[in-house]
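> Provide a 3D model corresponding to the input given below.
(chains A, B, C and D)
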2 protein chains.
Amino acid sequence: MATDRLSATFSAIADPTRRAILARLASGEATVTELAKPFDMTMPAISKHLKVLETAGLISRGRDAQWRPARLEADRLREAAKWMERYRVFWEQSFDRLDQHLRELQREEKRHGRGK
Amino acid sequence: MATDRLSATFSAIADPTRRAILARLASGEATVTELAKPFDMTMPAISKHLKVLETAGLISRGRDAQWRPARLEADRLREAAKWMERYRVFWEQSFDRLDQHLRELQREEKRHGRGK
DNA sequence: GCCTTACTACACTACTTAGTTATATAACCA
DNA sequence: TGGTTATATAACTAAGTAGTGTAGTAAGGC
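Next comes the predicted model:
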């Protein structure tokens, strides 16, 4: 595992199971059993995924009798989003180009009329 | 490698070398040799990283004589950023809480005066 | 045609990862 | 105490990843 925080964050959310777990936690705390339910996977597998998320700082764990509820921790996601922000200008640029391209097509359409 | 696009994107940017490559490409096209320069790594290693980025759709490659310039493609980053947006409310929430906490501390300070 | 430059593919190694089953711990419940 | 529920750990396997060195391809310069 890479040692820097950004790498840990991105590699944690690079797994669809873990992203689904985070999505579930977005609507509140959940126990391991609850989190495991939607998946065709054994409990230890889920336990491991939670460990990865916890190590990456994306969740924290509580203790309530024999339950160990997991809670979303958004701070590392904020850092990751901040990294991505630097590239926003590039994808908005592409949108502008696409937009412009579509406008041009429309203009052409108009110029040529429906005579095709 | 996971098969879905989001996983491919996140796992591609989960590596510091690859993130550095993207950062370099943000200031324009570059050849493999140029991209390799800052790293203590052989050319094949860089070539592989570029392959990963290309497969993930984060860059595209051109051809200029014996050079294969790489160019940033931001669309998958946009998708990834869109996924993260769902969690924005959580990290802003934490900020609000911190903010509120600090306000409360200030109020306390005022109430007690500088008699500490 | 031959050398050089730029890059890629191949074969290999060391390490990591995602899952499994089986076992252990921990807390409640009677 | 002994049983049940919830979760974690250990040991293992299969597959993926990041790097290496070596060799191959592709294009321009002479």
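> can we go C-alpha only for contacts and neighbour counts from here?
Fine.
> in chain A, which spans are strands?
Ranges of strands in chain A, per DSSP state E, are A:59-61, A:70-72.
> please identify the most buried of these.
strand A:70-72 (a mean of 23; mean count of other Cα atoms under 10 Å in any protein chain shown).
> hmm, back to that, in JSON lines, list the strands of chain A along with mean pLDDT and distance to chain B.
Listed next are those as JSON lines, based on pLDDT from 0 to 100; distance: least, Cα to the nearest Cα, whole Å:
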{"stretch": "strand A:59-61", "mean pLDDT": "96", "distance to chain B": "12"}
{"stretch": "strand A:70-72", "mean pLDDT": "96", "distance to chain B": "8"}
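> so which of those gets nearest B:M43?
Taking Cα to Cα, strand A:59-61 is the member of the strands of chain A nearest to B:M43, at 38.0 Å.
> tell me how many other residues crowd the closest residue in space to A:W67 that isn't next to it in sequence.
Closest residue to A:W67 apart from its sequence neighbours, by Cα to Cα, 6 or more residues apart in numbering or on different chains: A:T31 at 6.2 Å. Counted by other Cα atoms under 10 Å in any protein chain shown, the residues lying close to A:T31 total 18.
> residues touching A:T31, list them.
Taking Cα atoms under 8 Å, 6 or more residues apart in numbering or on different chains as the criterion, A:T31 is in contact with A:67-70.
> neighbour-wise, which one of the residues you listed leads?
Ranked by neighbours (other Cα under 10 Å), those are led by A:A70, which has 24 neighbours.
> how close does the closest residue to that residue other than its chain neighbours sit to A:R68?
Using Cα to Cα, 6+ apart and skipping residues adjacent in sequence, the residue nearest A:A70 is A:R61, 4.6 Å away. For A:R61, the distance to A:R68 equals 6 Å [Cα to Cα, to the nearest Å].
> quick one: the contacts of A:T31 as JSON lines, columns for distance to A:S47 too.
Output for these, formatted as JSON lines (distance: Cα to Cα, whole Å):
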{"residue": "A:W67", "distance to A:S47": "12"}
{"residue": "A:R68", "distance to A:S47": "10"}
{"residue": "A:P69", "distance to A:S47": "12"}
{"residue": "A:A70", "distance to A:S47": "11"}
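> and those residues, which two are furthest apart?
Applying Cα to Cα across the contacts of A:T31, the maximum distance is between A:W67 and A:A70, 9.4 Å.
> the nearest residue to A:I13 once chain neighbours are set aside: how many residues sit nearby?
Nearest residue to A:I13, sequence neighbours excluded (Cα to Cα, 6+ apart): A:R19, at 5.6 Å. Residues lying near A:R19 (other Cα under 10 Å) number 17.
> residues from chain A in reach of DNA strand C?
Residues of chain A lying close to DNA strand C by Cα under 7 Å from any atom of the strand are A:1-2, A:12, A:15, A:17, A:40-46, A:49, A:52, A:64-66.
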